[in-house]
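1. model this:
(one chain, ligands or ions: 1)
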Amino acid sequence: MFSAIPSSFLPARCAFRAPQTFAALTIGFLIAQPVCLLAQTAAPAAPGQSMRDRVLARILGPATSAFTPEEIANMQKLRDAAIADPYALNQLRHLTDNIGPRISGSPQAQQAVEYVAAEMKALGADVTLEKTQVPHWVRGLETGSLVSWPAMTPGTTQKIVLTALGGSVATPADGLTADVIVVNNWQDLKALNPAAVKGKILLFNKKFDKQLAAQQGGIYAYGDAVQYRAAAPIAGASVGAAAVLVRSVGGADYRIPHTGMTMYVPGIEKIPAAAITAEDADLLANLTSQGPVKMRLTLTPQTLPDAASYNVIADWKGTEHPEQVVVVSGHLDSWDLGTGAIDDGAGIVVSMQAIHLLQKLDIHPRRTVRFIAWMSEEEGSQGAATYIQDHAADVANHIGALESDLGAGHPDGVMWAGKPELGAWLQPVAQALEPIGANTFRSSPETGEDINVLTEKGVPSFAPSQDGRYYFNYHHTPADTFDKVDPRELSENAAVMTVLAYALADSNEPAPR
Ligand SMILES: [Zn+2]
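-> Residues are numbered from 1 along each chain as shown. From the prediction side, this is the model:
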């Protein structure tokens with residue numbers, strides 16, 4: 001029946017072996033690929049090779065693998081142990097419930113550094129604290145209320161639910177009161193006469209696209225909207241606004257604001273910046289369309305001098321090449337509104353679990369598996385910058401880098417950044433993760449904020465490819481708490497991190513780069 005496919009069609013359509021991008025993974029590809037694989041089995045068989053073996057050899061890929069049968073067996077053991085072992089969940093409960101929010105420079109961030117270092121030492125890892133200087137911003141009071149608007153009930157006010165953006169400067173202690181002006185995007189701002197904005201509170205009402213988040217993953221909707229959170233105070237100050245508000249960058253219902261870092265640049269006045277809830281943004285859009293709206297805004301954050309803090313580094317030493325390392329990591333700091341469970345307590349504990357399972361199963365790979373708890377990702381990745389400085393001469397010895405920083409949703413596989421050959425090299429790892437549904441490996445230009453510089457320097461890098469449909473409903477909100485993490489899905493992420501870190505650390509030859 002394969003003769004029904006014109007022979008001229010086959011070579012061109014069958015030239016590729018694996019989709020290199022998510023976009024390439026089309027229905028056409030999914031149908032064409034098995035047909036091509038099977039059609040190619042019409043090639044002459046090796047003596048004694050059955051049709052079944054020929055078909056399976058085609059489907060399973062090249063017979064040569066970077067891994068021995070014993071290594072494949074270890075991957076399977078680590079996968080199953082990760083699923084069964086509550087270590088990561090218990091560590092997450094402690095980090096979130098007992099220690100709590102871990103904003104840069106805070107006593108809780110320091111407590112978390114000491115706690116994680118002690119836990120890694122208890123496993124027998126070689127622990128160092130790598131000193132770094134981090135921002136120390138402290139949230140103060142934050143209130144907003146409308147004091148006049150069209151058709152208001154005389155003598156009343158109306159609450160606006162908001163939260164200061166990270167790094168924001170303060171309003172006067174007793175607040176500022178000004179008219180509100182609403183724009184939807186940069187184009188709207190460009191069309192405005194600056195005189196109309198001067199002295200006012202400027203709201204950027206860019207909607208977080210929930211449909212896009214549901215269809216393609218929240219990261220796409222986030223990328224679209226987060227530029228307003230980052231640059232609003234600069235753009236607002238450039239037209240003389242007294243303060244800026246942004247519609248929260250995230251998908252939360254229930255009138256919850258999302259915080260996150262904002263930016264200032266030298267030479268442009270620093271003005272206060274807050275995120276308001278999506279519901280309050282809609283309210284302001286409606287009322288300002290009817291007539292003048294006046295708001296009172298009070299923010300009293302403080303920016304203290306930079307503080308000393310630490311990356312926690314814990315090495316599970318390699319037996320043959322201890323100088324070669326595979327980084328397995330998450331970021332230990334969090335925002336202060338919730339307790340940092342999905343962002344990024346989850347990334348920390350699934351990385352801790354990799355070391356825990358190597359210890360528990362007494363597995364000692366050829367290369368060093370290096371756990372890193374990065375500090376201050378949320379406020380500019382100062383910990384990662386320090387690491388790259390301290391290890392600049394040692395980048396060539398970084399064989400791979402993993403970071404988990406998109407929550408704890410079910411991982412359907414792995415995103416990897418590196419040479420195209422890496423895709424085929426990873427196939428046995430994908431097969432080991434197939435029983436937990438984590439075998440879709442796809443290339444991606446970026447994998448994690450803290451490992452970006454390593455990626456740019458040519459280190460193969462990786463992240464679990466998590467279900468991101470709901471992550472941004474809780475991200476940077478008071479609702480980022482322990483209960484948002486599903487125990488089974490957390491353990492699947494631990495399995496991905498552990499199996500992949502082990503594979504990179506124990507393969508005979510390092511992964512292609
Ligand atoms: Zn994060």
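2. From here on, just use CA atoms for contacts and neighbour counts.
-> Fine.
3. can you count the residues close to G155?
-> G155 sits with 7 neighbouring residues when counted by other C-alpha atoms under 10 Å.
4. cool, A214 as well?
-> By other C-alpha under 10 Å, the residues close to A214 number 15.
5. my guess is it meets R469, correct?
-> Yes: counting by C-alpha atoms under 8 Å, A214 does reach R469; the two are 5.0 Å apart.
6. Name the helix or strand for T339, please.
-> Secondary structure assignment for T339, by DSSP states H and E: no helix or strand.
7. Skip the chain neighbours and tell me the closest residue to it.
-> Closest residue to T339 apart from its sequence neighbours, by C-alpha to C-alpha, 6 or more residues apart in numbering: P101 at 4.2 Å.
8. what residues does the stretch 301-450 of the chain put near the ion?
-> With C-alpha under 5 Å from the ion as the criterion, the stretch 301-450 of the chain comes near the ion at residues 343-344, 405.
9. where along the stretch 101-250 of the chain do the strands fall?
-> 126-138, 142-148, 158-160, 162-164, 176-183, 201-204, 243-247 (DSSP state E, counting those that start in this stretch).
10. Okay, now the sheet partners of the fifth one, with direction.
-> Sheet pairing for strand 176-183, assigned by DSSP bridges, gives strand 201-204 (parallel), strand 294-299 (antiparallel).
11. The ion: which of the ones you listed is closest?
-> strand 201-204 (23.4 Å; C-alpha to the ion).
12. Closest residue of the stretch 351-500 of the chain to the ion?
-> D405 (5.0 Å).
13. what does the chain give?
-> Closest point on the chain to the ion, by C-alpha to the ion, is D343, at 4.6 Å.
14. ok, that residue - contacts?
-> The contact partners of D343, taken as C-alpha atoms under 8 Å, 6 or more residues apart in numbering, are 334, 405-407, 475-476, 480.
15. 10 Å instead?
-> D343 sits next to 330-335, 378, 404-408, 471, 474-477, 480-481 when contact means C-alpha atoms under 10 Å, 6 or more residues apart in numbering.
16. and if you look at S381?
-> 134, 331, 333, 374-375, 449-451.
17. Spell out which residues of this structure are next to the ion.
-> Going by C-alpha under 5 Å from the ion, the residues of the chain near the ion are 343-344, 405.
18. which one of those sits closest to G318?
-> The shortest approach to G318 among the residues of the chain next to the ion belongs to D405, at 25.6 Å (C-alpha to C-alpha).
19. Which element, helix or strand, includes that closest one?
-> Going by DSSP H and E, D405 is not in any helix or strand.
20. May I have the phi/psi pair for it?
-> Dihedral angles of D405 (phi, psi; degrees, to the nearest 10) stand at phi -150, psi 40.
21. how far away is it from A88?
-> Distance from D405 to A88, counting by C-alpha to C-alpha, to the nearest Å: 15 Å.
22. So what's the residue count around the closest residue to A408 other than its chain neighbours?
-> Nearest non-adjacent residue to A408, counting by C-alpha to C-alpha, 6+ apart: L490, 5.3 Å away. Neighbour count of L490, defined by other C-alpha under 10 Å: 26.
23. Quick one: residues contacting L490.
-> Neighbours of L490 in contact, by C-alpha under 10 Å, 6+ apart: 82-83, 86, 88-89, 92, 342, 346-347, 349-350, 407-411.
24. Can you give the strand pairings for the lengthiest strand in the chain, parallel or anti for each?
-> Longest strand of the chain, by residue count under DSSP state E: strand 302-316. Applying DSSP bridges to the sheet, strand 302-316 is found paired with strand 126-138 (antiparallel), strand 367-374 (antiparallel).
25. can these go into CSV with extra columns for mean neighbour count?
-> Shown next, in CSV, are these (neighbours: other C-alpha atoms under 10 Å):
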stretch, mean neighbour count
strand 126-138, 18
strand 367-374, 29
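26. Indicate which one of these is closest to I72.
-> That would be strand 367-374 among the strands paired with strand 302-316, by C-alpha to C-alpha, at 16.5 Å.
27. Done for today, thanks.
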